[in-house]
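J.: I'll drop the sequence and a predicted model, then ask my questions.
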Amino acid sequence: MHRRTTIIGLVALVAVAVGIISCATVNRVVVAPPMIEGAKYVGMDQCAICHEKQVKDFNLTQHSRIEIREAAEKDEVKGLGCEACHGPGSLHVDAGGGKGKFIISGKNPDACFQCHLDKNAEFGLQYHHPVKEGRMDCTACHNPHGQDIHTTVQMPMGRANETCAQCHRNQARPHVFEHEALREGCVACHNVHGSINPKMLTERDNNLCLKCHAQVAAPSTAGTTYIGSFDHTQVLKQGTCFSAGCHTAVHGSDVNSHLRY
Ligand code: HEC
Ligand code: HEC
Ligand code: HEC
Ligand code: HEC
Ligand code: HEC
Ligand code: HEC
Ligand code: HEC
């Protein structure tokens, strides 16, 4: 019982954090970005002088619409997209630029967590991609400057799965017997930032599968559960759909059309 309460509390917290970010996006977004001691905001035009490519790609992303409260208040410059993640850039520009010169590289997820509080919570769940551990960073799956920063929902089908395929070739490769679920993306079954369930599954039990494979009670025999044309009444009591002996090849199979193995 106690554990349940904690989980609900956490979900509520995440919901609040998401709310804060998304309500603010109607048009321009006002947020507090990372700081650099003694530096001021200079605006994207300054960055464009030396970083033409990043600026060009960037204008197409959500992040280019972010406005920085502190800068807006002081009437410095408005709509400083680059400095939202890299911090105020005056010292970097004065120094003629350079690696590690008065600029936040962006590799550190703390820059992202500053605004994406809910992601901080998600990567803190028990099963997660090792971002906080420093074994990978947000850019493994998100291109911070390009359009790829979009969610999978906005991506062409399959593109998101390609990202995963870089590291999980075996699950993402083509199979003789495909599981059509993968067309909805890996996120149909995995919360990839983090989850309370092993293997980052969205559900830990049969609900994972039943959300698409609705169970139907056979009209004549009450109390039985049919999935497809097969009576699952007994087998559903024995474990999950993806337990050994049932449908272990959830990512697709080369040998069995029912995804047994
Ligand atoms: C006068 C030219 C110049 C201007 C203006 C400039 N930069 Fe740079 N910047 C550089 C150079 C040169 C590098 C080093 C590139 C390299 O080594 O590949 C660099 C590197 C960077 C890096 C990588 C830092 C790292 O440690 O890896 C970031 C991030 C960056 N700049 C952001 C910005 C932002 C944001 C602006 C605008 C506020 C800006 N730059 C303006 C020249 C400039
Ligand atoms: C959403 C946060 C974010 C914003 C906004 C952002 N960047 Fe970056 N930037 C990053 C991250 C993360 C990296 C590290 C990427 C990597 O190593 O793969 C990076 C890397 C860089 C680099 C190093 C070279 C490279 O491309 O890896 C430069 C230069 C740079 N950014 C410039 C800019 C400029 C100019 C803008 C504005 C047009 C900008 N950034 C906006 C997050 C951001
Ligand atoms: C293992 C790959 C992966 C890593 C690493 C990753 N993301 Fe994501 N992210 C995704 C995928 C996939 C989606 C789309 C989720 C969906 O459509 O349900 C997403 C969606 C998002 C979204 C928009 C939708 C939402 O859930 O609010 C944000 C914001 C985001 N990620 C931020 C981050 C930040 C910040 C980091 C680093 C701290 C990060 N992500 C690291 C894969 C990743
Ligand atoms: C200054 C605040 C700020 C920082 C820093 C920041 N973001 Fe965002 N990010 C936002 C806002 C605001 C949105 C728009 C959210 C929305 O529309 O709901 C957004 C949207 C996103 C999305 C979803 C884009 C889409 O098309 O739906 C992703 C993914 C994302 N950010 C990843 C990152 C990553 C990775 C970093 C660090 C490299 C980062 N963000 C840094 C404020 C920030
Ligand atoms: C840059 C490499 C990389 C990318 C890209 C990547 N992952 Fe991962 N993934 C990892 C690492 C590292 C682990 C942790 C493995 C460990 O702890 O041994 C992991 C773990 C997982 C696990 C849990 C595995 C287990 O045995 O518990 C799942 C599920 C997963 N990733 C799915 C995805 C999905 C879905 C995507 C695409 C949205 C993705 N990954 C993108 C590197 C990556
Ligand atoms: C239909 C649901 C579903 C979809 C879609 C899905 N997975 Fe999985 N995935 C699972 C289940 C269930 C497990 C756990 C299997 C187990 O515990 O035996 C799993 C486990 C994993 C693991 C851990 C290694 C393993 O095989 O146990 C990785 C890595 C993984 N999935 C990556 C991916 C990637 C990458 C995609 C997209 C190409 C994806 N998954 C799509 C259901 C799914
Ligand atoms: C996102 C929706 C979705 C999810 C989630 C999903 N599936 Fe599927 N699955 C499909 C679709 C669509 C088909 C192809 C049409 C059909 O056969 O019903 C399919 C086909 C199958 C088949 C082949 C049917 C046959 O002929 O034997 C099996 C077995 C299967 N899924 C098992 C699972 C298991 C086990 C899970 C949970 C780990 C799962 N599915 C989760 C959508 C989904």
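T.: The structure has been received and is ready for your questions. Ligands and ions are numbered 1, 2, ... in the order given.
J.: which non-adjacent residue is nearest Asn108?
T.: Nearest residue to Asn108 in three dimensions, chain neighbours excluded: Asp137, at 7.6 Å (C-beta to C-beta, 6 or more residues apart in numbering). The C-beta positions use only the backbone N, C-alpha and C, and glycine is treated the same way.
J.: how many residues are close by that neighbour?
T.: By other C-beta atoms under 10 Å, 18 other residues sit near Asp137.
J.: one more: Lys119?
T.: 20.
J.: same thing with Cys138?
T.: Cys138 has 22 nearby residues by other C-beta under 10 Å.
J.: got a pLDDT number for it?
T.: We have a pLDDT of 89 for Cys138.
J.: can you list the weak-confidence ranges in the stretch 51-200 of the chain?
T.: 67-80, 147-160 (pLDDT under 70).
J.: near ligand 6, which residues of it? Just list them.
T.: By the criterion of C-beta under 6 Å from any ligand atom, the positions of the stretch 51-200 of the chain lying close to ligand 6 are 161, 164, 168, 171-172, 179, 181-182, 186, 188-190, 199.
J.: Gly98: which of the residues you listed is nearest?
T.: The shortest approach to Gly98 among those belongs to Cys164, at 34.6 Å (C-beta to C-beta).
J.: quick one, what contacts that closest one?
T.: With contacts defined as C-beta atoms under 8 Å, 6 or more residues apart in numbering, Cys164 is in contact with Cys141, Gln171, Ala172, Cys186, Val192.
J.: spit out the contact partners of the third one.
T.: Right, the one you point to is Ala172. Going by C-beta under 8 Å, 6+ apart, the list of residues near Ala172 reads Asn161, Glu162, Cys164, Ala165, Leu182, Cys186, His251.
J.: give me the number of residues near Glu133?
T.: 9.
J.: er, Glu180 I mean
T.: Residues near Glu180, counting by other C-beta under 10 Å: 9.
J.: which among the residues of the stretch 51-200 of the chain next to ligand 6 end up buried?
T.: In these, burial by neighbour count holds for Asn161, Cys164, Gln171, Ala172, His179, Ala181, Leu182, Cys186, Ala188, Cys189, His190, counting by 16 or more other C-beta atoms under 10 Å.
J.: okay if I get those as CSV plus secondary structure?
T.: What follows is those, written out as CSV (DSSP: H, G, I helix; E, B strand; the rest coil):
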residue, secondary structure
Asn161, helix
Cys164, helix
Gln171, helix
Ala172, helix
His179, coil
Ala181, helix
Leu182, helix
Cys186, helix
Ala188, helix
Cys189, coil
His190, strand
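J.: turn those into TSV, including distance to Cys115.
T.: Output for these, formatted as TSV (distance: C-beta to C-beta, whole Å):
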residue	distance to Cys115
Asn161	27
Cys164	24
Gln171	31
Ala172	30
His179	36
Ala181	32
Leu182	31
Cys186	25
Ala188	27
Cys189	28
His190	24
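J.: any idea which of these is closest to Lys40?
T.: Cys164 (40.3 Å).
J.: what's the spacing between that closest one and His128?
T.: 15 Å (C-beta to C-beta, to the nearest Å).
J.: which pair in the contacts of Ala172 has the greatest spatial separation?
T.: Glu162 and His251 (14.7 Å).
J.: quick one, which of the two is more surrounded?
T.: Shown here are Glu162 and His251; by other C-beta under 10 Å, His251 has more neighbours (18 against 11).
J.: turn the residues of the stretch 51-200 of the chain next to ligand 6 into CSV, columns for distance to Ile49.
T.: Output for these, formatted as CSV (distance: C-beta to C-beta, whole Å):
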residue, distance to Ile49
Asn161, 38
Cys164, 37
His168, 40
Gln171, 44
Ala172, 40
His179, 50
Ala181, 48
Leu182, 45
Cys186, 40
Ala188, 44
Cys189, 46
His190, 42
Lys199, 47
